[in-house]
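Engineer: quick one, what's the 3D model for this:
(chains A and B)
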Amino acid sequence: MGSIHSAVLDLKRLDLLANGNSTIHRLDARAKVLVTLVFVICVVSFSRYELTALFPFFIFPIVIISLSGLSPLFILRKIALLCPFVLAVGIFNPVFDREVLVQLGPLGISAGWISFASIVVRSILTVGAAFILVGVTGFTAVCQALERMGMPQVFAVQLLFLYRYIFVLAEEGGRASRARELRSCGRKGLGIDSFSSLVGHLLLRTWQRAERIHMAMLARGFTGEFHAYRQSCFGKAELWFVLGWATLFIILRTQNVSRFLGSLITGMFS
Amino acid sequence: MSHHIVEVKNLQHVYSDGTAALKDVSFMITHGESVGIIGANGAGKSTLLQHLNGSLDPTAGSIHIGHTPLSKGTMPDIRRTVGMVFQDPDDQLFMPTVFDDVAFGPFNLGLSVADVEQRVMEVLEQVGASHLRAKPPYHLSGGEKKRVAIATVLAMSPDILVMDEPTSGLDPFARRQLMALLQDFHHTKIFTSHDLDMVLEICDRTIILHEGLVKADGPTSEIFRDEELLSSCRLEKPLSMQGCPICGGKR
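Structural biologist: Numbers count the residues shown, from 1 in each chain, chains lettered A, B, ... in the order given. Model prediction:
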């Protein structure tokens, strides 16, 4: 179960990145969540054949990564992990949508390929932005920020618990699976059957653990309310951060900056 | 009235699948006593502990904590009085960081932020874990998790400390540290354990559970001398009371 184990380690690493102390790390989590939200909305709201207007948006991940000192390779690898899903979503577009949209000399590019490329670029941008957000803020702080911005507490608590117990569950699942592997002596064991019972057991064990955790919470006076210890505040720096990026994103969304630059350059030569 | 008395009368518990885990258990523990509850696997130790703070409902019988009967209405108060440390710290540490976890109880008690902060730092200092306060629980080692789990309970300033297998999974040094910590806690203490040497060292009184019944209840030193009683309950003398495996002599 090397893969589960390394995935958990990777997740822990992403979590540890949030302990950094750069200008970006020090900003209030709400500012970062807001900016990421505006970014994602702007990127996904383009029409499906839009490609050129998306490229200027790469400025956001590039600037944040270089300011916060995250490893670009690490983020790229995380995004690459999701690529198969993105390809699966977009792969049929070129097959069904064959109308030629762009003529490059003798080569006609169909609308399907354009929308496919657009899906890929959008995914890289949005998924990358989400990873960067967690990397510079930490999952807990993101949840708390969402709650402070009005998300119902129940959801915030669910998310926090999910995140806390991913590690415990992955370790438990990894152990069970290793035990199965060792006893199947390099062969397939009982194949898919033994896996279904393994997953069933894992579910029941999760259930029992949830009961014990609830008991532990009740034993410490839990009455349904979470009191989180907070100390960050939304100051001037946060305000400028949000205003600056949001304005830029809205300009990039409403004006096609790539085309403008292109016509500027071609205009210079003509 | 003392808050520190635990009285269990004719307690019975039958699980929904029909297993009778506790058949008839009665005892009384008074202020400041340190009691070890021992017994074979499946003797009913963990079930008994879960009754002490109302995590399970008795099938029959009653439990009084400091003369207050345990019922729905008195539960919140009793849960503050009885601090329960679970066997698996992963069940007990559910907040994102160690600090948040220890602060969870005091916040629920309605303390102010400054008071909570002070109390958290005090108990983390007490268990020797103040350097871990910003860490998430899943980054801790087994011994560290255990110490933090104890801190979460101490932060509620309980009058009675109840622990399920406190030394399980600890290395010898961490076990010693934990035992020293427990000896410093001067209120009523109740432990279940298979670590009989620990029971011998820190418990003045021992209760043996066997198949859901109290088989013996008395001073620890006397109970551990009765070999016949111990072997009839699938137990044996603590290692420190047995002969040396190399020279055969006793300490």
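Engineer: how many residues are close by A:P56?
Structural biologist: Neighbourhood size, A:P56 [other CB atoms under 10 Å in any protein chain shown]: 19. Every residue, glycine included, has its C-beta placed from N, CA and C.
Engineer: just checking, it is part of a strand?
Structural biologist: No. Counting by DSSP: H, G, I helix; E, B strand; the rest coil, A:P56 is not part of a strand but helix.
Engineer: that one and B:Y15: what is the separation?
Structural biologist: As for A:P56, its distance to B:Y15 is 64 Å (criterion: CB to CB, to the nearest Å).
Engineer: contacts only, for A:S45.
Structural biologist: A:R253 (CB atoms under 8 Å, 6 or more residues apart in numbering or on different chains).
Engineer: now the phi/psi pair for it, please.
Structural biologist: phi -90, psi 0 (degrees, to the nearest 10).
Engineer: go ahead and confirm A:E172 touches A:L202.
Structural biologist: Yes. Assessed by CB atoms under 8 Å, A:E172 is found in contact with A:L202 at 6.6 Å.
Engineer: quick one: buried residues of the stretch of helix or strand A:F249 belongs to?
Structural biologist: If you go by DSSP states H and E, A:F249 is part of helix A:236-254. By neighbour count with 16 or more other CB atoms under 10 Å in any protein chain shown, helix A:236-254 contains the buried residues A:E238, A:F241, A:V242, A:W245, A:A246, A:L248, A:F249, A:L252, A:R253.
Engineer: for the residue positioned nearest the centre of chain A, pull up the helix or strand it's in.
Structural biologist: By CA atoms, centre = their mean, chain A has its centre lying nearest to A:A130, at 3.5 Å. In this structure, A:A130 is located in helix A:111-137 according to DSSP H and E.
Engineer: pLDDT (mean, whole number) over that helix?
Structural biologist: Taken as a whole, helix A:111-137 has an average pLDDT of 90.
Engineer: how about stretch A:206-216?
Structural biologist: pLDDT averaged over stretch A:206-216 gives 85.
Engineer: could you do stretch A:64-79 as well?
Structural biologist: Mean predicted lDDT for stretch A:64-79 stands at 88.
Engineer: do you know how far B:P58 is from chain A?
Structural biologist: 16 Å (CB to the nearest CB, to the nearest Å).
Engineer: quick one: that residue is in a helix?
Structural biologist: No. Secondary structure assignment (three-state DSSP) places B:P58 in coil, not in a helix.
Engineer: SS state for the closest residue to it other than its chain neighbours?
Structural biologist: If the residues on either side of it in the chain are set aside, B:P58 comes closest to B:L11, at 5.5 Å by CB to CB, 6 or more residues apart in numbering or on different chains. With three-state DSSP as the basis, B:L11 sits in strand.
Engineer: got it, and B:F191?
Structural biologist: The assignment at B:F191 comes out as strand when based on three-state DSSP.
Engineer: can I assume it is in contact with B:V35?
Structural biologist: Yes. Counting by CB under 8 Å, B:F191 does reach B:V35; the two are 7.3 Å apart.
Engineer: what's the overlap in contacts for the two?
Structural biologist: B:C203.
Engineer: ok, the two, which is more surrounded?
Structural biologist: B:F191 (26 against 22).
Engineer: OK, contacts around the more buried one?
Structural biologist: B:34-37, B:162-164, B:166, B:182, B:198-199, B:202-203.
Engineer: could you rerun that using 6 Å?
Structural biologist: B:G36, B:M163, B:P166 (CB atoms under 6 Å, 6 or more residues apart in numbering or on different chains).
Engineer: which secondary structure element contains A:E147?
Structural biologist: helix A:139-148.
Engineer: who touches that helix?
Structural biologist: A:A29, A:R30, A:V33, A:Q153, A:A156, A:L159, A:L160, A:Y163, A:A228, B:P96.
Engineer: got JSON lines for the residues you listed, with neighbour count, distance to B:P136 and secondary structure too?
Structural biologist: JSON lines is the format used below for those (neighbours: other CB atoms under 10 Å in any protein chain shown; distance: CB to CB, whole Å; DSSP: H, G, I helix; E, B strand; the rest coil):
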{"residue": "A:A29", "neighbour count": "25", "distance to B:P136": "16", "secondary structure": "helix"}
{"residue": "A:R30", "neighbour count": "21", "distance to B:P136": "21", "secondary structure": "helix"}
{"residue": "A:V33", "neighbour count": "21", "distance to B:P136": "20", "secondary structure": "helix"}
{"residue": "A:Q153", "neighbour count": "12", "distance to B:P136": "20", "secondary structure": "helix"}
{"residue": "A:A156", "neighbour count": "20", "distance to B:P136": "17", "secondary structure": "helix"}
{"residue": "A:L159", "neighbour count": "17", "distance to B:P136": "15", "secondary structure": "helix"}
{"residue": "A:L160", "neighbour count": "22", "distance to B:P136": "11", "secondary structure": "helix"}
{"residue": "A:Y163", "neighbour count": "19", "distance to B:P136": "9", "secondary structure": "helix"}
{"residue": "A:A228", "neighbour count": "19", "distance to B:P136": "14", "secondary structure": "coil"}
{"residue": "B:P96", "neighbour count": "22", "distance to B:P136": "6", "secondary structure": "coil"}
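Engineer: need the max-distance pair from these.
Structural biologist: Spanning the widest gap among the contacts of helix A:139-148 are A:R30 and A:Y163, at 18.5 Å by CB to CB.
Engineer: and the contacts of helix A:139-148 as JSON lines, adding pLDDT and distance to A:A176?
Structural biologist: Below are the contacts of helix A:139-148 laid out as JSON lines (pLDDT from 0 to 100; distance: CB to CB, whole Å):
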{"residue": "A:A29", "pLDDT": "88", "distance to A:A176": "36"}
{"residue": "A:R30", "pLDDT": "90", "distance to A:A176": "40"}
{"residue": "A:V33", "pLDDT": "93", "distance to A:A176": "36"}
{"residue": "A:Q153", "pLDDT": "84", "distance to A:A176": "33"}
{"residue": "A:A156", "pLDDT": "84", "distance to A:A176": "30"}
{"residue": "A:L159", "pLDDT": "86", "distance to A:A176": "25"}
{"residue": "A:L160", "pLDDT": "83", "distance to A:A176": "25"}
{"residue": "A:Y163", "pLDDT": "82", "distance to A:A176": "21"}
{"residue": "A:A228", "pLDDT": "61", "distance to A:A176": "33"}
{"residue": "B:P96", "pLDDT": "79", "distance to A:A176": "26"}
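Engineer: closest one of the residues you listed to B:S141?
Structural biologist: Nearest member of these to B:S141, counting by CB to CB, is B:P96, at 18.3 Å.
Engineer: just the helices from the chain, written as ranges.
Structural biologist: No chain in the question, so chain A it is. All helices of chain A, identified by DSSP state H, fall at A:2-17, A:23-26, A:29-44, A:59-68, A:72-90, A:93-96, A:111-137, A:139-148, A:153-183, A:192-219, A:236-254, A:257-269.
Engineer: was after chain B, sorry
Structural biologist: Counting by DSSP H, the helices of chain B are B:45-52, B:75-81, B:89-92, B:98-108, B:113-126, B:142-154, B:172-184, B:196-202, B:220-223, B:227-232.
Engineer: identify whichever of those helices lies nearest to B:G212.
Structural biologist: Using CB to CB, these put helix B:45-52 closest to B:G212, at 8.4 Å.
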